[in-house]
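**Q** need coordinates for the below:
(chains A and B)
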Amino acid sequence: MQRWKQYGSLLALFAAAIVAGLWGFSVTGGAVPWAKRSAQTLQRGIQEGSGSLVDFGRGVIVAGPIRNAGLVFEYVLLVAALVVTGVGLYLYTDRYHVMEEERA
Amino acid sequence: MAHIHLGEGSFPLWALALWTLVGIGLISIVVYRVRKGGIKTHQIALAGIAAAASFAIFQLNIPVWGGIHMNLTGLVGILAGPILGTLIALVVNVFSAALGHGAVGLLGANTLVNATEAIVAYYGFKTLMRMEWDVFPASASAATIGLSSGAVLMGVIIVISGVNGSALPRADLAVAVGGLVGLNLGVAVIEGILTGFIVQFLASVRPDLLEFVDRQPSEEEHSGVTA
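**A** Now for the predicted structure:
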């Protein structure tokens, strides 16, 4: 397919999703975190709100339930375990793949 | 980023039982297909890495759209496929619920939502690549559509179930949920772009890891010599 059609379709998809996102953002309270937004909206219905779409001052933070319950260490431990397992599997299958090729 | 963040007891018991049973049904089908068809070795490695990435990013709240987290389930589906993608969705949700992020009782519903994202992204990517799209627009579109499907399913599940303690009539609840779904569509764009870049990068350095991507580098690329 022609490249302009591919990127045109992608841009149209993004535009539709962003319009829906902006509408959702404003009718569900504006600049409030997802968990609070979700609880408020489902209990009280839609509530117009505004605020900045991007707030770098807030930074990237660990999800509230984990942070508030003091489980950040356990979270880091789990991520480390999953990363080690994932990389280990990758190395194993990479070597296994080479061995299979050599045998063939 | 679709994920039902309601606490324990938010859904009526019948809804909890329903979504849990449907979730178990989906996992049963997946396990049956794994036993019957097996899994390619390289997919296991990708699944391990994808699960780690998805779980890690699941718990990180980024400062856009008010504060949201990403799932990377679209990426998971494209890399690991629909079968392993579903199992990864279950694993990520189990670990998340164990840390208090998402209710244990909603594991069935949340697994359904996230598995849908992975499955739709996989088949979307497959379809677009067969239509001879480039890797970036195909993967970004597939991930965005997959995540949007998950968001819509999340909304449908909440509206069908109803929320305990909410005084909203079903019609008002549907409008409120529509707003949440809409926001998720906006977030899907961010994840879609991120997924597009990652898949594009993988396709250029390790095309053998991706299905539907031409695995034979051209002679020019192979020799590194261009005219």
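**Q** report the closest residue of chain A relative to chain B.
**A** Across chain A, the shortest distance to chain B (C-beta to the nearest C-beta) belongs to residue A:21, at 1.6 Å. Placement of C-beta: from N, CA and C, glycine included.
**Q** tell me the confidence at that residue?
**A** Residue A:21 carries a pLDDT value of 95.
**Q** surely it and residue B:187 touch.
**A** Yes - using C-beta atoms under 8 Å, residue A:21 and residue B:187 qualify as a contacting pair, with a distance of 6.7 Å.
**Q** ok, then the element right after the helix or strand that contains the residue of chain A closest to chain B?
**A** Using DSSP states H and E, residue A:21 maps to helix A:3-27. Later in the chain than helix A:3-27, the nearest helix or strand by DSSP H and E is helix A:34-44.
**Q** can you check what angle separates that next one from helix A:3-27?
**A** Helix A:34-44 and helix A:3-27 are oriented at 60 degrees to each other (axes from the mean of the first three to the mean of the last three C-alpha atoms, to 10 degrees).
**Q** quick one, what contacts residue B:84?
**A** Listed by C-beta atoms under 8 Å, 6 or more residues apart in numbering or on different chains, the contact partners of residue B:84 are B:39, B:43-44, B:46-47.
**Q** restricted to buried residues, select these in PyMOL.
**A** Selection of buried members from the contacts of residue B:84 for PyMOL, criterion 16 or more other C-beta atoms under 10 Å in any protein chain shown:
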select buried, chain B and resi 43+44+46+47
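**Q** for chain A, what's the longest helix?
**A** helix A:72-103 (DSSP state H).
**Q** now do the buried residues in that one.
**A** A:75, A:78-79, A:82-83, A:86, A:89-90, A:93.
**Q** over to stretch B:172-182?
**A** So for stretch B:172-182, counting by 16+ other C-beta under 10 Å, buried means B:173, B:176-182.
**Q** then stretch B:124-133?
**A** Result for stretch B:124-133 [16+ other C-beta under 10 Å]: buried residues B:124-126, B:128-129, B:133.
**Q** in helices, which of these fall?
**A** Filtering the buried residues of stretch B:124-133 for helices - DSSP H - leaves B:124-126, B:128-129.
**Q** how about CSV for the residues you listed, with distance to residue B:153 and pLDDT added?
**A** Shown next, in CSV, are those (distance: C-beta to C-beta, whole Å; pLDDT from 0 to 100):
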residue, distance to residue B:153, pLDDT
B:124, 15, 97
B:125, 19, 96
B:126, 20, 96
B:128, 21, 96
B:129, 24, 95
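**Q** which one of these is nearest residue B:192?
**A** Proximity of these to residue B:192 (C-beta to C-beta) peaks at residue B:124, which lies at 10.6 Å.
**Q** residue B:148 versus the closest one, what's the distance?
**A** 10 Å (C-beta to C-beta, to the nearest Å).
**Q** centre-most residue in chain B?
**A** Against the mean C-alpha coordinate of chain B, by C-alpha atoms, centre = their mean, the closest residue is residue B:73 at 2.6 Å.
**Q** give the contact list for residue 93.
**A** With no chain named, the answer covers chain A. Residue A:93 neighbours (C-beta under 8 Å, 6+ apart): B:41-42, B:44-45.
**Q** please refer instead to chain B.
**A** Applying C-beta under 8 Å, 6+ apart, the residues near residue B:93 are B:102, B:107, B:110-111, B:114.
**Q** which ones are touching the closest residue to chain A within chain B?
**A** Using C-beta to the nearest C-beta, the single residue of chain B nearest to chain A is residue B:186, 1.6 Å away. Residue B:186 sits next to A:17-18, A:20-22, A:24-25, B:65 when contact means C-beta under 8 Å, 6+ apart.
**Q** picking up where we left off before, and which of the contacts of residue B:84 is nearest residue B:4?
**A** Out of the contacts of residue B:84, the member with the shortest distance to residue B:4 (by C-beta to C-beta) is residue B:47, at 23.8 Å.
**Q** list the contacts for that closest one?
**A** Contacts of residue B:47 (C-beta under 8 Å, 6+ apart): A:89, B:79-80, B:84, B:87-88.
**Q** just the CA atoms of whichever strand or helix holds it, as PDB, please.
**A** Assigned by DSSP H and E, residue B:47 belongs to helix B:41-58. Once non-C-alpha atoms are left out, helix B:41-58 reads as follows in PDB (Å, rounded to 0.1, in the frame of the first residue of the first chain):
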ATOM      1  CA  THR B  41      11.200 -21.300  21.500                       C
ATOM      2  CA  HIS B  42      11.900 -17.700  20.600                       C
ATOM      3  CA  GLN B  43       8.400 -16.700  21.600                       C
ATOM      4  CA  ILE B  44       9.100 -17.900  25.200                       C
ATOM      5  CA  ALA B  45      12.000 -15.600  25.500                       C
ATOM      6  CA  LEU B  46      10.000 -12.700  24.100                       C
ATOM      7  CA  ALA B  47       7.200 -13.500  26.400                       C
ATOM      8  CA  GLY B  48       9.500 -13.400  29.500                       C
ATOM      9  CA  ILE B  49      10.900 -10.000  28.500                       C
ATOM     10  CA  ALA B  50       7.500  -8.700  27.500                       C
ATOM     11  CA  ALA B  51       6.000  -9.700  30.800                       C
ATOM     12  CA  ALA B  52       8.700  -7.900  32.700                       C
ATOM     13  CA  ALA B  53       8.300  -4.800  30.700                       C
ATOM     14  CA  SER B  54       4.500  -4.800  30.900                       C
ATOM     15  CA  PHE B  55       4.500  -5.500  34.700                       C
ATOM     16  CA  ALA B  56       7.100  -2.700  35.300                       C
ATOM     17  CA  ILE B  57       5.300  -0.100  33.200                       C
ATOM     18  CA  PHE B  58       1.900  -1.200  34.600                       C
END
